[in-house]
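S.K.: okay, here's the prediction I keep looking at, along with the sequence it came from:
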Amino acid sequence: MTTYKQIFGKPIKFLSSDPANEAEGQVWYNSTSGAFKSVLSVGAWSAGGNLTTARSNLGGAGTQTAALAFGGATPTLSNATEEYNGSGWSNGGNLGTARYKLAGAGTQTAGLAIGGGVPPSNTASSLTEEYGGTSWTAGGALGTARKELAGCGTQTAGLAFGGKTTVLTNATEEYGGTSWTAGGNLGSNKYLLAGAGTQAAGLAFGGYFGTSLNSTEEYDGSAWTAGGNLGTARYQLAGAGTQTSALAFGGVSPFTNATESYNGTSWTNSATLATARSILGGAGADNTAALAFGGSTPSITSATEEYNFSTTVTTGAAWSSGGNLNTGRGNTLLGQGTQTAALAAGGGPPASSATEEYNGFNWASSGNLNTARENLSGAGTQTAGLAFGGGPPNTTATETYNGSTWTTVNSMTRSAMRGIAGSGVQTAAIGTGGFQPPATNTTSEEWDGTNWTSGNSLPVARNAAAGFGTQTASLAAAGASPATVSSVDEYDGTNWTAAPSMINARRNRPGGSGTTTSGIVFGGVVDPGGTTSNETEQYNGTSWSSTATLGTARYGPGSASPATAALCFGGSTGPTTTVAATEEFTGASTQIKNITTS
């Protein structure tokens, strides 16, 4: 009898538990569960970091870990460009001309923006722009002005096809890096289609011509021929990959979250998008790793999803609901500790002395602060906490917590202030900035467990900033100065220096957690407009990028560290409205997907 090892060259392992990382096709017997098991590749979409600017009808280029999003409608026509690093988006250089319904091609550092609708009447355009990684420059004009077209290829070997001028077109054009020349026409006129591949091996699929289309066409560098039909006819979809390894997702058929994978001959159904949408952006090198972003649900969305086909299932970063505070409060309550052992104290309005402890599931009341206050700050853990500053009236009062009671200790040496940013531990903390009418402050003070002493001043005065880190490695991010700022300052134990700015300016004490090389900031109030935010930005020590959004937009919440397992609780949604909601942050993770067979 032929054995499994003789066929595949591998024996069946006898194990008491599933291995952490096996190659696809490896079979083993789990003696604990009494089952034969294997690892198979599967496709799955997971949440990625949201676009900074929600928009539809945008262009996309690049790969899953280095994508480019540009143009679109918010619903106002946009010239914004964003770059994706595999977890979140950050701002890039703006397009020279705001437009929507455009096509994209190329990479994050060598992108191509093709055609689209332009002001004042959103007419079809022949514009081409080239992206160099920081800014866009004008390229050669299309021979046929059009919008709602598709594109693929590279910045120096691009392909544009289909779309709409004042009428539908089947025109194909090839880009050589400076100018467009005519290529072979599509088999039929169509627009609102998607594309993938290269100039010499292009793929056109879906679209609209009086009805939703399921047709696929393949380009060989001179002519188009029919390929395998999509299983779901649709238009306003997105695509990624190559002629022999493509992905089609989203669109209208009617409204769909359907995803299909192409192998060069036929399409097969794969995992569905979590958010059904149309007129979205797409990026990806092949049908094993793609990115979907923005679009219409039908409301305009900033949602980003990552597609992976592998033996692993990637779970994107996310906020999930935790147990509510017993007393809903905002106006910056004190937050300390970790996701499973947090401390909340003070807040308001009116100014509160209430203290609660979180065990990872529920909040329980504990000993009250001696000085009721809101807009306070602090440092430490659930069993060794520190509270200082706040008001009204503004105070310099400092208290320490031992896990059950607060004790008044030596006061700060500065003027009485509220909105101080704090970080560190109970025996080594730092308090930064703040507000004492009428002025925002640059003062820093260090706490050694007994006394406060003066530290060096901030480069930028700020009130109600997010503070996190340690006494010798701390960040003060955003806040009011007095205008809302996105700037960030970093402390090394001696001096404050400017660090990379956040994507969005925000005030009213956003939450902050983590360290100077792995931090997140969430919530707050975003200007212009004074909108209460649910946005989260993450910091890797070099740059900021967007990530999962809070379920409840808020400002002045309490927070706990670390950045990969943070906690957000309480806060305000308006001048007189507070919340008790708690949310738990889970960073992106990867796990093996085992398929049981017998």
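M.R.: Cool, got the structure.

S.K.: what about stretch 279-295, start to end distance?
M.R.: 5 Å (CA to CA, to the nearest Å).

S.K.: one more: stretch 571-582?
M.R.: Start-to-end span of stretch 571-582 (CA to CA) is 10 Å.

S.K.: give me the phi and psi for T586.
M.R.: The phi and psi torsions at T586 (degrees, to the nearest 10) take the values phi -120, psi 120.

S.K.: partner residues bridging it?
M.R.: Counting by DSSP bridges, T586 is bridged to A318.

S.K.: going forward, the N-terminal residue is numbered 17.
M.R.: I'll keep to 17 as the first residue from here, and by that count the last item is T602.

S.K.: that one touches A334, doesn't it?
M.R.: Yes. Between T602 and A334 there is a contact at 5.6 Å, judged by CB atoms under 8 Å. Bear in mind the C-beta positions are built from the backbone N, C-alpha and C, glycine included.

S.K.: quick one: contacts for T593?
M.R.: Applying CB atoms under 8 Å, 6 or more residues apart in numbering, we find T593 in contact with G346.

S.K.: hmm, try it at 10 Å
M.R.: By CB atoms under 10 Å, 6 or more residues apart in numbering, T593 lies in contact with 344, 346, 548, 570, 587.

S.K.: need the nearest residue in space to the fourth one, chain neighbours excluded.
M.R.: Using CB to CB, 6 or more residues apart in numbering and skipping residues adjacent in sequence, the residue nearest R570 is G587, 3.4 Å away.

S.K.: if we can go back for a sec, who touches both of T602 and A334?
M.R.: Common contacts of T602 and A334 (CB under 10 Å, 6+ apart): A564.

S.K.: picking that back up, of the contacts of T593, which belong to strands?
M.R.: Counting by DSSP state E, these place T548 in strands.

S.K.: tell me the most packed of the contacts of T593, by neighbour count.
M.R.: Counting neighbours by other CB atoms under 10 Å, G587 leads those with 36 neighbours.

S.K.: ok, T531 touching Q554?
M.R.: No. Between T531 and Q554 there is no contact under CB atoms under 10 Å: 11.7 Å.

S.K.: joint contacts of those two?
M.R.: Joint contacts of T531 and Q554 (CB under 10 Å, 6+ apart) are A579.

S.K.: which one is G530 nearest to, not counting chain neighbours?
M.R.: Leaving aside its sequence neighbours, G530 sits nearest to A579 (CB to CB, 6+ apart; 3.0 Å).

S.K.: quick check: the two most widely separated of the contacts of T593?
M.R.: G344 and T548 (15.3 Å; CB to CB).

S.K.: run a quick neighbour tally on G574.
M.R.: A count of nearby residues for G574, using other CB under 10 Å, gives 30.

S.K.: got it, and P91?
M.R.: Counted with other CB under 10 Å, the neighbours of P91 add up to 12.

S.K.: repeat for the one 3 residues further on
M.R.: Counted with other CB under 10 Å, the burial measure for S94 works out to 23 neighbours.

S.K.: again, but for S534
M.R.: Using other CB under 10 Å, S534 is surrounded by 16 other residues.

S.K.: surely it touches T558?
M.R.: No. S534 is beyond contact range of T558, at 11.2 Å (criterion: CB under 10 Å).

S.K.: distance check, the closest residue to A413 other than its chain neighbours against S381.
M.R.: The shortest distance from A413 to any non-neighbouring residue, by CB to CB, 6+ apart, is to T387 (4.6 Å). In this view, T387 and S381 are 18 Å apart by CB to CB, to the nearest Å.

S.K.: and the two? Which one has more around it.
M.R.: Neighbours per residue (other CB under 10 Å) separate T387 from S381, with T387 holding more: 19 against 11.

S.K.: contact partners for the more buried one?
M.R.: Going by CB under 10 Å, 6+ apart, T387 touches 362, 367, 369, 403-404, 406-407, 411, 413-415, 422, 424.

S.K.: give me the buried subset of those.
M.R.: 362, 367, 369, 403-404, 406-407, 411, 413-415, 422 (16 or more other CB atoms under 10 Å).

S.K.: so for the one helix or strand G440 maps to, mean pLDDT?
M.R.: Assessed by DSSP states H and E, G440 sits inside strand 437-441. Over the span of strand 437-441, the pLDDT mean works out to 96.

S.K.: helices or strands up against the helix or strand following that strand?
M.R.: The C-terminal neighbour of strand 437-441 among helices and strands, as given by DSSP H and E, is strand 444-448. Packing partners of strand 444-448 (3 or more CB pairs under 10 Å, 6 or more residues apart in numbering; DSSP states H and E): strand 393-396, strand 401-404, strand 437-441, strand 460-463, strand 468-471, strand 482-486, strand 489-493, strand 504-507.
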